[in-house]
Structures are given as C-alpha cells and as structure tokens.
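>>> I would like to see how this sequence folds:
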Amino acid sequence: MSKNPFAETPKVAWIGLACVIGIALAAIVVQAQRVVARDRAPGDAQASFVSSTSFHTTTISIPTFPYAPFLILRHDGPYDYRQLDWGRYGNTAPVPQDYTLLVMENAYLRVTLLPELGGRVYQMIFKPTNHNEFYQNPVIQPTHWGPKNQQWWLAAGGLEWCLPVDEHGYEWGEPWMWSAVTSTAGVTVTMRDSLASNRLRAAIDVFLPNDRAHLIVMPHLENPTGANLGFKYWTNAMLAPGGTNTVTADLRFILNAGQMSVHATPDVNRFPCASPSPTGPTCRFPWPIHESHDYSRLGDWHDWLGFFEYPQAAGDFVGVYDTALDEGVARVFPPETARGVKVFGLGWSKPIPPETWTDDKSTYVELHGGVAPTFWDTAVLAPGATLAWKEYWYPVIGIGVFADATAEAALAVRQESGSLSIGAHSTAARAAGASALYVWEKATCAPVARVDFPAIDPAHPFTTSVSAGGRALNQLTIVYADNAGNLLAGHDLTRCLAPHPRIELQSWVETTSFTVAWARPGDWWAGVATTQVQFRDGYEGTWTDWLTTQSISATFSGAHGHTYFFRARSLWGNPADWTDEEWGQAFTTVLTESAPVLVASRKLVNGRGVDSRASWFLAGEAFSYTLLISNTGNFYATAIVTDPIPAETIVLTKTLASDSGLPPSLAGDAIVWSGAVSAGQSVRLTYALSPTAEIQLGERVTNAMQIAGSILGPLERQAAAWPAFACWLPVILK
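Residues are numbered from 1 along each chain as shown. As a prediction, the model looks like this:
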C-alpha cells in the first residue's frame with residue numbers, strides 16, 4: 001500500500017484525523033445492491049464441454065387460413081398496415097403454406113424465427129427436455145383481436161415485436177428483413193421492419209451465445225426524422241412451458257409489484273372498477289391475493305384478464321412457472337429502460353373458447369414488456385435518437401417457482417417447517433465446487449449455512465435443503481455465487497453483500513500498466529454492487545470518472561513519473577458523497593526507472609485544532625507549521641525546501657527544528673532546508689511564527705512552500721491560518 005502521508009503527523013493530530021476518517025466511513029455504509037449479472041462472455045465459468053452455435057435456413061409448412069386476399073392496405077400517418085375485410089373473408093379452411101424458418105442452435109437451445117410473420121421468434125426449444133417454451137399455434141388463423149383500426153391479429157405464437165401502437169402493433173404479420181452473423185461468441189440474427197426515413201424503425205438483434213441456455217434479445221428503436229416521435233413498443237411472448245403446448249391450472253405468474261392495474265376484463269364481479277371498461281390505470285388490485293383468490297395461479301382466475309404492474313415494472317425479472325409440469329420461462333431486463341410489464345390470460349373457469357384462435361384445445365398466456373409503463377402511456381424518441389436495451393429469455397426447470405432470475409441463474413426459495421428448500425437453475429455449465437449457496441441472517445449478517453454445489457448446468461439444476469436455524473424466511477438472505485465472488489442470483493439481499501469498496505496500492509509500480517482492485521478475489525460479495533471508480537493524475541489533477549462496473553478490478557495505463565490517485569464508492573441506494581478529495585483511497589507512481597517521488601509531501605498548520613492545511617489561532621498567540629517531506633519513490637531524494645514567511649509574522653528562530661539532519665534556517669524572508677530523504681522515508685521540519693500587531697482579525701495568512709528534487713520537478717504545498725478572538729458569554733442559571 002502507498003505510504004500514508006498522515007503517518008508522520010504528531011499524535012494529537014493523528015487522533016483527530018482518525019476521528020474524521022471514522023466519521024466519513026460511517027457515512028458511507030451502504031446497502032447491498034441486487035444486480036443482475038449481465039454480459040458475461042461464454043466460458044467465464046468452468047464448463048464441462050465447449051460447443052458453438054450453428055445457423056441455417058429451412059422451410060416449414062404451417063396450415064394457414066387464406067386471409068391474404070382479403071387484406072386492405074391502410075395508412076396511419078407514415079405507417080402502412082393491412083386491415084382484414086371480415087365481411088368478405090367468410091368461412092374458410094386452412095391450407096398448407098410454406099414459410100422460411102431461420103434456425104439457431106447450440107448445445108441447449110434451438111431457436112427459430114419466422115421473417116415472413118413479423119420477424120418473430122417462433123420457437124425456443126430446450127433441448128434437454130425437447131420442449132418448446134413458447135406457444136406454437138398449430139394453425140395460422142386470424143382473430144378479431146389487435147389494434148382497433150386494424151381489427152385483426154394472428155395468434156401465431158412465439159415472441160413478437162409490437163409497434164408503433166399498442167394491442168400488438170401493426171407489424172406482427174408483415175415480412176421483416178433479416179441478416180445473420182456468425183462469430184466466435186455465437187450467432188446473431190437481426191430482424192428489421194423498415195428502412196423508411198419518416199417513421200419509427202425497429203431493428204431487433206436476436207443473439208444465441210455459445211454454451212449458454214439463454215436467448216438475448218436486443219431491440220434498437222430508431223427515430224430517423226427531425227422531430228420528436230411518440231410511439232409505443234412492446235415485446236410480447238406467448239408462453240406454454242412444459243412441452244404440452246398448453247397451460248395448466250398450476251401455472252404461476254412471477255411478478256414483483258405489490259399492486260396491478262387492470263387493462264381489461266369482463267369479470268366485473270371480481271373487478272367492479274372494470275365496468276364497462278377502464279380507460280386509465282385507476283382500476284387496481286393487490287398482488288397476488290385479490291378477493292380471496294390467488295391471481296398468481298392461473299387456476300384461480302375466472303374470465304380473461306389483462307393487467308400491468310403498477311405504477312411500472314417493480315423489478316428486473318419476471319416469468320411464469322407451471323408447477324404441474326415443473327417448467328417455466330424467465331425474462332431478465334433493465335427496468336429503467338423497459339418500464340412496462342403486462343400479463344394477459346385467457347381465463348380459467350370461464351375462459352375464451354380456443355376456437356377463437358386455433359383449431360385444437362391448445363392455450364397460452366402472454367407476458368409483455370414495454371418501453372412505457374402501460375398502454376395508456378406514450379414513449380418519445382428524440383430526433384435522430386436510438387433507444388436500445390438487452391433482455392434475456394430462458395427456460396427454467398426442476399426448481400419450482402423462482403424468487404429471483406438473472407442472466408446467470410434462477411433461484412427458488414421456499415420455507416418448509418424449519419428448513420429452507422432452495423433450487424438453482426444455471427444458464428451455464430459450472431464445474432463441481434465452482435459455485436456455492438450462502439445463507440445469513442439479515443439483521444446481524446451472521447452466517448447460517450453454506451452449501452458447495454456439485455457440477456451444475458442448464459440440464460441439471462440443483463436443489464437442496466438447509467436448516468433455517470429457527471428463523472423465518474423474511475429474516476434471511478440467500479445468495480447463489482460463483483467461486484470468483486460473482487453474484488449469480490439472490491433472495492432478499494442486504495447490505496451484508498456490499499462492503500465499502502476500498503483500493504490498496506503499492507507506493508510505486510515498475511510498469512506503465514498495472515492492476516487496480518477494489519475488492520479481494522474470492523470474496524463472495526465482490527462484483528455484487530456496482531462500483532464507481534475515479535482517478536486523478538497528480539496531486540493537482542482533477543478527479544475523473546474511470547469506471548462504473550460490477551467487476552472487482554481493472555488494468556490502468558499510466559506514464560513514467562506520474563503519480564495516480566484512486567478512489568471508489570458503491571452506487572447502491574443513495575451513493576455516499578466522496579469524502580477523500582485530497583488523497584483518495586490510494587496512490588501509486590509509475591517508475592520504469594529508479595527515481596525519487598515527493599508528491600506525498602505536505603504542509604500543515606498547527607493551530608487551535610488538529611494539524612491541517614487550514615486552522616485558526618488566538619490573536620497575539622504564536623502558531624506553528626509542520627513540513628513533511630515524504631519520498632514514496634524507489635531512489636533517494638535530494639530535497640530542497642523553500643518556505644516564504646507570511647507577511648505580518650515573525651519567525652521564532654529557536655523553534656526551527658528537523659527530525660533528521662540539520663534544522664532549517666532563516667534566509668531573508670524564507671525558511672530554507674536541503675537534505676537527503678531515503679526511499680520510503682520522511683523528514684519532518686517544524687517552526688513557529690508570532691503574529692505582529694498589524695495582523696487583522698480574520699485575515700487569512702496563506703503561504704506555499706516549494707519542494708525541489710522530485711521526479712517531475714518542483715512541487716508546491718500550502719497551508720492557511722487566521723487569527724480569532726476568544727470571547728466569554730454569561731450563563732444564567734435558573
């Protein structure tokens with residue numbers, strides 16, 4: 001660690017500074033951050049094998065009702081759409097129709113897309129179970145649903161892109177342009193709806209990485225016009241996890257808000273505020289229990305129902321899990337960008353008849369994610385701007401209803417009597433001992449349990465049972481982490497997760513590139529909280545943002561002879577103010593050749609408080625200075641000190657002293673000293689001044705010493721003092 005420049009101050013001063021530091025540290029205690037682990041490259045974890053993602057095109061034949069001849073081209077401002085003429089459509093029967101199918105495949109997932117039907121993701125087949133997690137309508141059949149002016153919609157299934165209006169938008173049945181790129185990381189298929197320059201455009205990147213059982217969806221919404229553009233965008237997944245292409249009564253909706261707002265339902269008995277139909281987000285109900293019914297369970301529903309998380313997405317994941325089929329789907333997303341979450345179900349005890357959208361008994365539920373919080377809200381994109389974000393979609397098996405989901409894993413936690421039943425589903429292969437489960441008490445951070453995981457991969461989740469030690473679930477925090485300290489998933493995270501990041505460095509390094517760390521490798525909380533790191537080039541430099549990251553270290557590149565100061569803070573909750581403006585948390589000097597470094601030298605005034613760069617003294621009373629000449633380099637320094645005497649003061653020559661070698665001397669109107677300062681050592685110089693009668697009350701006495709002999713030339717350090725009068729106030733005792 002760099003030599004502490006405070007270490008050479010008098011004892012009384014050190015105690016005072018320690019108090020200041022203690023207060024600062026107390027002020028920046030932060031709570032842990034629940035952070036979704038994102039963008040980890042394939043292969044970060046120890047995998048049991050290595051595979052790659054393939055891509056090819058093929059043809060699929062789907063029975064399709066012949067609706068195309070009855071479509072009428074319409075316009076909504078710059079947007080074209082097709083309206084179905086239901087009067088001419090009449091009764092028809094499906095006929096086989098060929099569609100181009102784009103196929104991406106890795107060891108865990110086979111993902112297909114239909115460019116001709118809105119560029120949708122058509123299937124997400126989990127290869128270990130061979131189950132398609134998306135609903136797949138066996139026929140392509142028009143329904144009367146969709147935007148009011150369009151008057152129809154295809155419940156084809158899969159994952160569709162809904163824009164620029166709500167209720168599925170206009171483009172779910174239009175052909176989209178596509179391109180595919182294969183790289184060493186995986187395969188990306190880009191779907192694009194339009195090249196027009198007078199309207200909202202969408203480009204959707206669908207990325208299937210190597211060795212990962214998740215699909216990454218990256219929407220890019222573009223405004224090529226010269227004006228603000230209002231729009232609506234929703235990603236809609238039609239889901240039927242478990243391989244039966246239908247849903248059971250035990251399908252569970254996994255949401256995070258405590259309140260929902262009804263979009264629409266005919267169930268006015270349970271939702272009187274929905275009669276005749278809500279026109280805004282004022283018809284709300286508590287989640288999940290409403291009117292003694294558990295609306296997180298589909299079997300507790302009566303009629304069809306659509307609703308939003310209120311007032312917007314309350315977490316960074318949602319999902320469904322069918323406990324009867326022991327399979328589900330997770331969606332992980334950034335709620336600061338994708339602010340809307342909507343659920344739609346067809347009902348249970350009085351559902352919409354399946355013949356409305358299909359020719360068999362298959363059913364599904366919908367899970368929407370939008371840019372705006374609800375359909376009643378409109379997002380705005382500035383001229384020439386692009387809005388982009390990243391979502392993760394993946395199957396979850398064998399663990400039950402999950403309480404957390406990240407790009408890395410889903411975690412299920414249930415309390416059963418005095419034990420906790422915990423399950424983890426990983427989206428990557430992890431070797432035995434490469435990850436572990438931690439349980440601790442929230443109030444005290446006392447450890448309750450630790451379980452080292454065996455080998456785990458997407459096809460083989462891990463479940464375990466641990467004792468709760470007599471504690472209720474709401475008294476505990478559960479974390480699933482890898483052995484590098486990265487959070488994979490967690491339940492009810494607390495500040496125990498995120499200690500204050502602290503940087504430690506040697507006083508000098510021999511290379512221009514060096515590692516700066518703010519957490520220790522192997523600490524399981526490392527990488528949980530987002531950390532902001534700043535640096536400063538030289539004592540006189542300006543603090544500059546370097547990184548905002550979940551990593552625990554990074555490589556910094558500097559130049560020979562330069563001294564770099566660093567500081568870090570957690571961004572969880574309300575970030576603490578920076579409290580280490582002068583020195584940061586640590587500093588180091590790049591020395592590719594041996595040289596002295598005097599940057600840590602200081603000038604302190606010893607007034608009526610602790611040693612500092614500014615203090616006060618009583619009028620007519622002597623005050624003193626301490627000059628600390630510190631060499632943090634790797635070669636001895638020949639230091640030359642020149643310290644001008646402040647005007648209206650007199651040097652008390654008998655106080656001139658040094659703790660090494662000859663004392664300083666008075667030469668004209670300056671204190672001067674020269675001498676050797678060994679590498680890693682300091683020399684203390686002291687002297688006292690007596691103020692003259694000419695000095696004015698409150699007049700600031702400031703002077704700066706010059707120090708020659710450091711690698712980059714002379715340095716300047718200054719201190720200030722000012723006189724004050726003591727006064728006594730009467731005390732009245734009653």
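
>>> can you map out the helices along the chain?
11-27, 86-89 (DSSP state H).

>>> would you single out the least confident of those?
In terms of mean pLDDT, the lowest-scoring of those is helix 11-27 (a mean of 31).

>>> which stretches of this protein have low pLDDT?
Scanning the chain for pLDDT under 70 picks out 1-51, 484-485, 495-500, 520-529, 572-575, 607-614, 616, 618-619, 696-699, 724-734.

>>> please parse it into its domains.
Taking automatic domain parsing as the reference, the chain has its domains at 11-33+498-590, 54-397, 602-724.

>>> what's the span of the longest one from first residue to last?
Domain 54-397 has an end-to-end distance of 24 Å (criterion: CA to CA, to the nearest Å).

>>> and A155, what does it touch?
137, 141, 143, 145, 238, 357-358, 364 (CB atoms under 8 Å, 6 or more residues apart in numbering). Every residue, glycine included, has its C-beta placed from N, CA and C.

>>> neighbours of the residue nearest to it when sequence neighbours are not counted, how many?
Ranked by CB to CB, 6 or more residues apart in numbering and with sequence neighbours excluded, the top spatial neighbour of A155 is W357, at 3.9 Å. Neighbourhood size, W357 [other CB atoms under 10 Å]: 25.

>>> kindly provide the distance from W357 to E366.
According to CB to CB, to the nearest Å, W357 and E366 sit 12 Å apart.

>>> what's the answer for L114, then?
The value you get for L114 to E366, if CB to CB is used, is 18 Å.

>>> ok, now H290?
Distance from H290 to E366, by CB to CB: 19 Å.

>>> how deep is A676 tucked in, by neighbour count?
If we define neighbours as other CB under 10 Å, then A676 has 15 of them.

>>> so in terms of bridging, what pairs with it?
T638 (DSSP bridges).

>>> picking that back up, who has more neighbours out of H290 and E366?
The neighbour count for H290 versus E366, taken as other CB under 10 Å, is higher for E366 (20 against 15).

>>> residue contacts, the closest residue to that one other than its chain neighbours?
Closest residue to E366 apart from its sequence neighbours, by CB to CB, 6+ apart: F344 at 3.9 Å. With contacts defined as CB under 8 Å, 6+ apart, F344 is in contact with 263, 304-306, 365-366, 368.

>>> W357 too?
Counted by CB under 8 Å, 6+ apart, W357 has contacts 137, 141, 143, 155.

>>> from those residues, which is closest to P128?
N137 (24.4 Å; CB to CB).

>>> for the closest one, grab the count of nearby residues.
21.

>>> wait, it sits on T358?
Yes - with contacts counted by CB atoms under 8 Å, N137 reaches T358, the gap being 5.3 Å.

>>> quick one: the strands in the stretch 401-550 of the chain?
Taking DSSP state E, counting those that start in this stretch as the test, the strands found in the stretch 401-550 of the chain are 404-405, 409-416, 419-426, 435-441, 447-452, 462-467, 476-482, 487-491, 508-509, 513-517, 531-537, 544-549.
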